[in-house]
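Trainee: Using only what follows, build the 3D model:
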Amino acid sequence: MAELFSDEWMNGFMEQWNAEPELADALAQIGFNSVIGYGFDGDDQPAGVITVENGKAVSAGAYNGEELNWDIRCKPDQWSKWIAKPPGMMGLGTAFATGKMKFKVGDYSSMLKDPRMAGPFIKTFSVMGRV
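Mentor: Numbers count the residues shown, from 1 in each chain. Next comes the predicted model:
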């Protein structure tokens, strides 16, 4: 298995993202465009990045200085836990409130208030488990 958020892993994530209707199609319905960084709490920058246009992932790989709309960080063990057993809304809310999940860029609370975004966000964790 490729190292989490490596170039190889992010490309696999992009393939799985686009194959999941509850993610890609749901975000396409709201015209979602974003550059999302994923990484580890305490690191200076994210490890991986995925670019989404109209719900579909169009590029992915190791982070290379892209301007981010979202930058999501957790400790490696937290990512591993969620990839093995994806969290629900309560689990994510608790993780955010207790600092286990951090958004270096992006507004977590506004995203959660919009069910058109919250559902697909939760779906990303099960999609990560397929990589």
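Trainee: tell me which residues of the helix or strand of the chain with the lowest mean pLDDT are tucked away?
Mentor: One helix or strand of the chain scores below all others by mean pLDDT, DSSP states H and E: helix 108-112, with a mean of 74. By neighbour count on 16 or more other CB atoms under 10 Å, the buried set for helix 108-112 is 108, 112. Any C-beta I mention is one placed from the backbone N, CA and C, and that applies to glycine too.
Trainee: helices and strands around it, which ones?
Mentor: helix 89-98, helix 115-128 (3 or more CB pairs under 8 Å, 6 or more residues apart in numbering; DSSP states H and E).
Trainee: mind redoing it with 10 Å?
Mentor: strand 70-74, helix 89-98, strand 101-105, helix 115-128 (3 or more CB pairs under 10 Å, 6 or more residues apart in numbering; DSSP states H and E).
Trainee: got the contact list for the nearest residue to residue 34 once chain neighbours are set aside?
Mentor: Nearest residue to residue 34, sequence neighbours excluded (CB to CB, 6 or more residues apart in numbering): residue 69, at 4.3 Å. Under the criterion of CB atoms under 10 Å, 6 or more residues apart in numbering, the neighbours of residue 69 are 32-37, 51-52, 105-107.
Trainee: thinking again about what came up before, CSV for the helices and strands packed on helix 108-112, including distance to residue 42 and mean neighbour count?
Mentor: Formatted as CSV, those follow (distance: least, CB to CB, whole Å; neighbours: other CB atoms under 10 Å):
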stretch, distance to residue 42, mean neighbour count
strand 70-74, 8, 20
helix 89-98, 16, 14
strand 101-105, 10, 16
helix 115-128, 20, 18
